[in-house]
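[1] Pasting the sequence and the predicted coordinates here, then a few questions.
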Amino acid sequence: MRTLKFLLQKEFRQILRNSMIRLAIFVMPVVQLIIIPLAADYEVKNINLAVTDHDHSAYSQQLVSKITASGYFRLTSYNNSFKEAFKAIENDKADLILEIPRGFEKDLIRENEQKLFVAVNAINGTKAGLGGAYLGEIIKDYNNDIRLKLVVPESFNPFPVIDITSSNWFNAEMNYYFFMVPGILAILVTMVGGFMSALNIVKEKEAGTIEQINVTPIKKHHFILGKLIPFWVLGNIIFSIGLIVARVVYGIVPVGSLPVLYACISMYLLAILGFGLLISTFCETQQQAMLIMFFFMMIFILMGGLYTPIESMPGWAQVIAQFNPAGYLIEVIRMVVLKGSGFRDITPHLVKLGIFAIVLNGWAVFNYKKTS
Amino acid sequence: MAEYVIKAEKLTKKFGDFIAANAITFEVEKGEVFGFLGANGAGKTTAMRMLCGLSKPTSGKATIAGFDIYRQTEQIKKNIGYMSQKFSLYEDLTVLENIRFFGGIYGLDNQQLKSKTGQLLHELGLEQEAKKLVSEIPLGWKQKLSFSVAVLHSPAIVFLDEPTGGVDPVTRRQFWDMIYDAAHRGVTVFVTTHYMDEAEYCNRISIMVDGKIEALDTPSGLKERFNAPSIDEVFYQLARGAKRVE
């Protein structure tokens, strides 16, 4: 115990004395948490639209102004030929083309039927897909408006229509930040914790101080604990700062209880720090540790369900995702913050994170060799 | 009957096909200052790392302070001090913090820590620098500090790997005074060096060439045997035959 006390004292001094690390711990997460959710969101806006209007009628004007009024589209070109509109797509000036045929208004009134043509530039799949869907939605809406005007109300409706009304549970206003901020906070904790723990032991190897440690009667598990505990404390501090930022900047107040939240972040930190320490026992230089950690971080982040749901990944990828501790954290944080899940709901996740923590730290202790 | 604190018998370390230390056999008595000489790449550091329990031998036997170097590395570590070639105290901790840290992990209690730290700072004349970061003090002082930290827990044996590399002559002299002081207190000193004048200060020296111990005797005994005026000359005669080139 006494050995551990001296180790902890030393680690805390070294960490807090390093101004870059202080910055990485206390300032960078705050800045990122403020910038990223505001900048990178799912909502597709500013879709460039080219309209080819062969009709030039009051109706076509109405449709176009309804589309531009939605706020999602930017009319970048309005012309008479599809050729010109296509050129706009080729020059990257337009993402979507809406072609309004000749006789649009006339046929709509007379024959009660009209066809519009929408062409989508699918290079950016997300933008194209969502843009096309938005446009379809607006046109459908427009269609309903006209119908109300044209069709004389009858005692019965000749077209049975199923109208779907949906209500969003747990995030009633579909507030994007509610979904994203907790996830990004999870990633930040992962990044800072993972990298710092991975680099720490390797730094001692580079400096040669590990030799001086290895020649002392220090116990291996004391040494690893001496490295683990300081970063565990710092990880919890970063998480707390993140919660404060989420509250102050985004107005996110966790629905669930704080003890549940801290139970899962504490367990998670043990797992991810153990992973970092394990990496560092394999590497000889900070550069190696950095590269390897980076490889895993990419997988942790992109396969953790932050941006794309794990359920929609192919089967083999879902199997890999099972071994991604970050995935469990992202899911649990969202469950607790948005849904108010309690201990009982997150027990399976806690157990899995606990297994990660035991295996990874055990492996790190095993793999740390005082005698080569 | 002399009491041996280091006994090595046919100690060998191979790295693949390369035999870094080839069946080295020697004994070191308690309280002796034992010089371990050899050209760069002769295998000195490899041999020393095996004796300290940092590296597992490929074959051979050895005991350090009565403990087996295969099975009892942790007991060995309690009984030795080690100062590596590369300065290995924490540069981002102060002088005082380094002393307290290493003293602490060797299990000194608060009372001992306090008295030993004060004594050490006084002997080194570092009282003014106690609160300075180690990175801010000159190399000579760092080396002396390293040595003092290595013997802080009063080990039976202290291993010094080129302790005076890059240090000025005056500091080197002071360093050897410290070595003698430790030897007088009964600490066995096992030291590697490139400085032949330092070799003359040792009770006995061994000279390693290409992983083997080619000569082992007192400095005067060696000079006599090789009919040489100085250890420098003895070393030159032996090392000239070396096949390993760095």
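    Okay, I see it. Numbers count the residues shown, from 1 in each chain, chains lettered A, B, ... in the order given.

[2] ok, whichever residue of chain A sits closest to chain B to residue A:210 distance?
    Closest approach between chain A and chain B, counting by Cβ to the nearest Cβ: residue A:6, at 3.5 Å. In short, each C-beta sits where N, CA and C put it, glycine included. From residue A:6 across to residue A:210, the span is 16 Å (Cβ to Cβ, to the nearest Å).

[3] Then residue A:124?
    Residue A:124 sits 49 Å away from residue A:210, going by Cβ to Cβ.

[4] okay, the two: which has more neighbours?
    residue A:210 (18 against 14; other Cβ atoms under 10 Å in any protein chain shown).

[5] what about stretch A:350-369 and chain B, touching?
    No: between stretch A:350-369 and chain B, judged by Cβ under 8 Å from any Cβ of the partner chain, nothing touches; the nearest distance is 9.4 Å.

[6] Pull out the buried residues from that stretch.
    In terms of neighbour count (16 or more other Cβ atoms under 10 Å in any protein chain shown), stretch A:350-369 has its buried residues at A:350, A:352-353, A:356-357, A:360-361, A:364-365, A:368.

[7] contacting residues around residue A:243?
    Listed by Cβ atoms under 8 Å, 6 or more residues apart in numbering or on different chains, the contact set of residue A:243 reads A:185, A:254, A:261.

[8] you'd agree residue B:56 is in a helix?
    No: read with DSSP: H, G, I helix; E, B strand; the rest coil, residue B:56 is coil and lies in no helix.

[9] Now it: closest residue in space that isn't a chain neighbour?
    residue A:371 (5.6 Å; Cβ to Cβ, 6 or more residues apart in numbering or on different chains).

[10] now swap in residue A:300 and tell me
    Leaving out its chain neighbours, the residue that sits closest to residue A:300 by Cβ to Cβ, 6+ apart is residue A:326, at 4.1 Å.

[11] contacting residues around that neighbour?
    Contacts of residue A:326 by Cβ under 8 Å, 6+ apart are A:186-187, A:190, A:272, A:300-301, A:304.

[12] Out of those, which sit inside helices?
    Judged by DSSP state H, the contacts of residue A:326 include A:186-187, A:190, A:272, A:300-301 as members of helices.

[13] Which parts of the chain are strands?
    Here I'm looking at chain A. Assigned by DSSP state E, chain A shows strands spanning A:47-53, A:73-79, A:96-100, A:117-120.

[14] Chain B was what I was after
    For chain B, the strands defined by DSSP E cover B:4-15, B:18-29, B:33-38, B:59-64, B:67-68, B:80-83, B:157-161, B:188-193, B:204-209, B:212-217.

[15] now the first one and strand B:59-64, what's the angle there?
    Relative orientation of strand B:4-15 with respect to strand B:59-64: 150 degrees, computed using axes from the mean of the first three to the mean of the last three Cα atoms, to 10 degrees.

[16] And strand B:4-15, what does it pack against?
    Packing partners of strand B:4-15 (3 or more Cβ pairs under 8 Å, 6 or more residues apart in numbering or on different chains; DSSP states H and E): strand B:18-29, helix B:44-51, strand B:59-64, strand B:188-193.

[17] Among those, which comes closest to chain A?
    Of all the helices and strands packed on strand B:4-15, helix B:44-51 comes closest under Cβ to the nearest Cβ, at 8.3 Å.

[18] Quick one: mean pLDDT over the closest one.
    On average, the pLDDT along helix B:44-51 is 91.

[19] quick one, that helix and strand B:4-15 angle?
    Per the same axes, to 10 degrees, the angle that helix B:44-51 makes with strand B:4-15 is 120 degrees.

[20] and the residue of chain B nearest chain A?
    residue B:104 (3.5 Å).

[21] from what I can see that residue touches residue A:4, true?
    No: applying Cβ atoms under 8 Å, one finds residue B:104 not in contact with residue A:4, separated by 10.1 Å.

[22] For the stretch 151-300 of chain A, which residues are neighbours of chain B?
    A:207-209, A:211-218.

[23] okay, the buried residues of stretch A:350-369 in a markdown table with pLDDT next?
    Below are the buried residues of stretch A:350-369 laid out as a markdown table (pLDDT from 0 to 100):
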| residue | pLDDT |
| --- | --- |
| A:350 | 94 |
| A:352 | 94 |
| A:353 | 95 |
| A:356 | 96 |
| A:357 | 95 |
| A:360 | 95 |
| A:361 | 94 |
| A:364 | 93 |
| A:365 | 92 |
| A:368 | 90 |
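
[24] Return the subset of those lying in helices.
    A:350, A:352-353, A:356-357, A:360-361, A:364-365.

[25] Turn those into TSV, columns for distance to residue B:210.
    Putting these into TSV (distance: Cβ to Cβ, whole Å) gives the following:
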residue	distance to residue B:210
A:350	59
A:352	56
A:353	54
A:356	49
A:357	49
A:360	44
A:361	44
A:364	38
A:365	38
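
[26] Would you tell me which one of those comes nearest to residue B:66?
    Using Cβ to Cβ, residue A:365 comes nearest to residue B:66 of these, at 28.5 Å.

[27] Now do the same contact list for the closest one.
    Contact analysis of residue A:365 by Cβ under 8 Å, 6+ apart lists A:220-221, A:224.

[28] which non-adjacent residue is nearest residue A:361?
    residue A:274 (3.8 Å).

[29] Check the one you found and give its pLDDT.
    In this model, residue A:274 is scored at 95, pLDDT.

[30] about what we covered before: top of the contacts of residue A:243 by neighbour count?
    residue A:185 leads those on contacts (other Cβ under 10 Å) with 27 neighbours.

[31] what about chain B, any weak spots by pLDDT?
    Scanning chain B for pLDDT under 70 picks out B:1, B:244-246.

[32] Can you give me the distance of the most centrally placed residue in it to residue A:204?
    Chain B has residue B:160 as the residue nearest its centroid, 1.9 Å off, counting by Cα atoms, centre = their mean. Here the criterion is Cβ to Cβ. By it, residue B:160 lies 21 Å from residue A:204.

[33] For residue B:107, grab the count of nearby residues.
    15.

[34] For chain B, which residues are neighbours of chain A?
    B:52-56, B:73-75, B:77-78, B:80, B:82, B:84, B:86-93, B:97, B:100-102, B:104-107.

[35] let's see it at 6 Å
    Taking Cβ under 6 Å from any Cβ of the partner chain as the contact definition, chain B meets chain A at B:52-56, B:73-74, B:77-78, B:82, B:84, B:86, B:88, B:90, B:92, B:101, B:104-105.

[36] Residue B:226: what's it in contact with?
    B:234, B:237 (Cβ atoms under 6 Å, 6 or more residues apart in numbering or on different chains).

[37] Just give me the neighbour total for residue A:349.
    Count around residue A:349 with other Cβ under 10 Å applied: 20.

[38] Same question for residue B:189.
    Neighbour tally, residue B:189, other Cβ under 10 Å: 25.

[39] who touches it in this structure?
    Contacts of residue B:189 (Cβ under 6 Å, 6+ apart): B:33, B:158, B:179, B:183.

[40] For those residues, give me CSV that also has neighbour count and distance to residue B:113.
    Formatted as CSV, those follow (neighbours: other Cβ atoms under 10 Å in any protein chain shown; distance: Cβ to Cβ, whole Å):
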residue, neighbour count, distance to residue B:113
B:33, 21, 28
B:158, 22, 19
B:179, 23, 24
B:183, 18, 24
